[in-house]
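Participant: give me the fold of what follows.
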Amino acid sequence: MQGKKVYQEKLFASFSLSNRVPAENFYRRLRGVLDLAYLYELTAPYYGNSGQKSIDPTVFFKLCLVGYLENIISDRKLMAHCSMRLDILFYLGYDIDDELPWHSTISRTRQLFPEELFEEVFTHVLRMCVEKGMVSGHSQAIDSAPVKANASMDTLELKVPEESLEEYLHKVRHISNTDKEEYAARKRKAKEDKSDEDQRTNTASKAELQAIGSRTKKWSKDQNMRQGAGGKNSKYTSNKMHYSPTDPDARISVKPGKARKLNYMSQLSVDTGHHVITDIRAYHADGKDNQYLQDIVNRLKPRLQKQGLLWRNCIADTGYSSGENYAFLEEIGL
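Facilitator: Below is the predicted model:
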C-alpha cells in the first residue's frame, strides 16, 4: 500500500539536538577537541562592566571558523546557513529554538577586536596543532589567491579631487556619457564614501597619465566600452584612476581571460606535513607575489621558532622569484 507523508506542525515536541547529531559528525568532533574557553579572559579588556550583554566571544570565533570551513564570506549568508544546520547549531551551543545573533552583530564584533587579537587566537590554535604532532615545520609551501572584496565594480569612482574632475577628464580621455553620470553622482554619494582624501587622490605620475591618455584615446570611438565587454556602461578601469568608495582598500586585479574584479590578495603558507595553515594575511591585490615574500618570511620564521620548530625549505612558484628574494632567503638559511 502506497504511503503518503502529511506534514502538520506539532504544538508540543520532545526533541534533543545532541541525539540528532551523529558521533562521527565533523562539528561534533571539533567541539570535543577545540576548547575556546581561554577567549573569555583574552577578550575581557574590550568589554565594559555595564550595559547589555554582548555575543559570547567563543560563539563569535566559532562563527568565523564556520564561515571559513563552509566558504561563506557574507555575514548575512553565514547566519542563514547556520540556522539551517543542526550540527552547526550544536557546535555553537544553540538549540533549535534559540535565536542566533544578527548578522550586523557579527560585523560590529569583528570591528571591536584589533588585529593583534586575531593573531593571538591563530597562534594559539597553531600551538595546539604543534602539540598534536600535526606540524613538522621543516618545509613550508607559500602561495597566493585573490579574495573577492565586498564591493562592486559598478561603484568605482574616478580617483581625482572633485574640483579638478572635468579638467582631468579632458587630459586623459574624451568625456563620455558614463563620465558625466559619474561626475553628477559624485556629490550625491559623498556621504557614503568611506575613503579618506589620500585614497581619493590620483597618485599617477606624469608619465603614467600620458600612457593612460594614449591608451584611452585609441578607444575614443568606443569610450563607454571596455575591451571584451558588451555592456554600454563598461569602461576602462585601473587602480591609478579609480577607487571604490565602499571598500577603499580593495584593488582592481585581473587574470588572463578573466574579467576585472575588486579583490584582496591572500598570501598563505602551509606546513607540508599535514597541510596545516601556518600563516595567512591579506594584502592589496595590485601587488606582485615577489613583493610580499620577505614580509611573509619575517613573520612566519619567528612564529615557528617560538613553537620549537626549525624551518629549512621554502616552496613557492616562480611568481615569488627575484634576485633580491634569492639573496634574502640565502642570508637567513632557507
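
Participant: contacts for stretch 78-98?
Facilitator: Residues outside stretch 78-98 that contact it (C-beta atoms under 8 Å, 6 or more residues apart in numbering): 15, 17-18, 20-21, 25-28, 30-31, 56, 59, 62-63, 66-67, 70, 72, 100-103, 106. C-beta here means a position set from N, CA and C on the backbone, and glycine is covered the same way.

Participant: how about 6 Å then?
Facilitator: The contact list for stretch 78-98 (C-beta atoms under 6 Å, 6 or more residues apart in numbering) reads 17, 20-21, 25, 27, 31, 59, 62, 66-67, 72, 100, 103.

Participant: which one among the residues you listed sits at the bottom for pLDDT?
Facilitator: Within these, pLDDT reaches its minimum at Leu17, with 84.

Participant: mind listing what that residue touches?
Facilitator: 90, 95.

Participant: Glu70 and Cys82: what is the separation?
Facilitator: 9 Å (C-beta to C-beta, to the nearest Å).

Participant: that older thread, list only those of the contacts of stretch 78-98 flagged as buried.
Facilitator: 21, 25, 27, 31, 59, 62, 66-67, 72, 100, 103 (16 or more other C-beta atoms under 10 Å).

Participant: now the contacts of stretch 78-98 in a markdown table, with secondary structure and distance to Glu157?
Facilitator: Formatted as a markdown table, those follow (DSSP: H, G, I helix; E, B strand; the rest coil; distance: C-beta to C-beta, whole Å):
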| residue | secondary structure | distance to Glu157 |
| --- | --- | --- |
| Leu17 | helix | 48 |
| Arg20 | helix | 50 |
| Val21 | coil | 48 |
| Asn25 | coil | 47 |
| Tyr27 | helix | 43 |
| Arg31 | helix | 46 |
| Val59 | helix | 38 |
| Lys62 | helix | 38 |
| Val66 | helix | 35 |
| Gly67 | helix | 30 |
| Ile72 | coil | 29 |
| Leu100 | coil | 36 |
| His103 | helix | 27 |
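
Participant: how many neighbours does His124 have?
Facilitator: 13 (other C-beta atoms under 10 Å).

Participant: tell me the contacts of Phe328?
Facilitator: Counted by C-beta under 6 Å, 6+ apart, Phe328 has contacts Gln294.

Participant: fine by me, we can end here.
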